[in-house]
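Chemist: Build me a model from this:
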Amino acid sequence: MAWGQNNAPSYSELLSAERPTVVLIGPGGVGKGTIAQRVVQQEPRTWLSRSWTTRAQRPSESGDEYVFVDRATFEQAIENDRFLEWAEFHGNLYGTPRPEPGDDRILLLEIEVQGAEQVVRADRDAVVILIEPPSMEELRERLEGRGDTPEHVATRLGSTAHELAIGRELAHYRVVNHEIDAAVDEILSILRGLR
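Modeler: Model (predicted):
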């Protein structure tokens, strides 16, 4: 079952001109999560939607990065139409919960490219920012540094070119994450322009 069915409010009904939606996308290991957390810390008019996933928590994660659930729980949430978007990626499910109506802060989504495609189809005003790695070698080092297995690193790197190609088609802005503080500053500047 695809999201947006049943009698739940549609994506566009949940959002308004007062609540812009900003979508951060990019390949795994590029720093999306760290950037999103810092943006929210520095810009109080933003709200980061905490995605659900069926993947296992990494040793380097605190547990706040996602709502970690088993597959049955996730599939039940799909049946209950609890997600704005969801996708299966590298054998794991990822989904963005629906926001609460009435919140006028900038909705910040940190999601996979498949999810971004769904959001853009539903909300043509959504602003997509692609976070790119400085190089493939740097991306490999970041993936290895966060504790990913060699197999997972290879799988992630194998899909990076495809993710970046789609991301470049979707993106309104592209930010190369050479250095985390500079990337955050660049995104904060983009957000200021939305208001």
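Chemist: what about the longest helix in this structure?
Modeler: helix 150-170 (DSSP state H).
Chemist: Report all helices and strands that that helix contacts.
Modeler: Packing partners of helix 150-170 (3 or more CB pairs under 8 Å, 6 or more residues apart in numbering; DSSP states H and E): strand 21-25, helix 113-122, strand 127-132, helix 136-145. For every residue, glycine as well, the C-beta is placed using N, CA and C.
Chemist: Give me the mean pLDDT for the last one.
Modeler: So the one you mean is helix 136-145. In this model, helix 136-145 has an average pLDDT of 91.
Chemist: With the second one instead?
Modeler: Here helix 113-122 scores 87 as its mean pLDDT.
Chemist: Then the shortest one?
Modeler: If you average the pLDDT over strand 21-25, you get 94.
Chemist: who's in contact with it?
Modeler: 15, 32, 35-36, 46, 106-113, 116, 119-120, 123, 125-131, 163, 167, 170-171, 187, 190-191, 194 (CB atoms under 8 Å, 6 or more residues apart in numbering).
Chemist: rerun that using 7 Å as the cut-off
Modeler: With CB atoms under 7 Å, 6 or more residues apart in numbering as the test, strand 21-25 has contacts from 15, 32, 35-36, 106-111, 113, 116, 119, 123, 126-131, 167, 170, 191.
Chemist: quick check, distance from the following helix or strand past it to the centre of its chain.
Modeler: Counting by DSSP states H and E, the next helix or strand C-terminal to strand 21-25 is helix 32-42. Here helix 32-42 is found 11 Å from its chain centre; the criterion is CA atoms, centre = their mean, to the nearest Å.
Chemist: So for helix 32-42, mean pLDDT?
Modeler: 94.
Chemist: tilt between that helix and strand 127-132?
Modeler: 130 degrees (axes from the mean of the first three to the mean of the last three CA atoms, to 10 degrees).
Chemist: pLDDT weak spots in this structure?
Modeler: Low-confidence segments of the chain, defined by pLDDT under 70: 1-19, 100-103, 195.
Chemist: one step back: of all the helices and strands packed on helix 150-170, which one is nearest residue 183?
Modeler: Comparison of the helices and strands packed on helix 150-170 against residue 183 by CB to CB identifies strand 127-132 as nearest, at 6.9 Å.
Chemist: Name the strands paired with the closest one and say parallel or antiparallel.
Modeler: strand 21-25 (parallel), strand 173-176 (parallel) (DSSP bridges).
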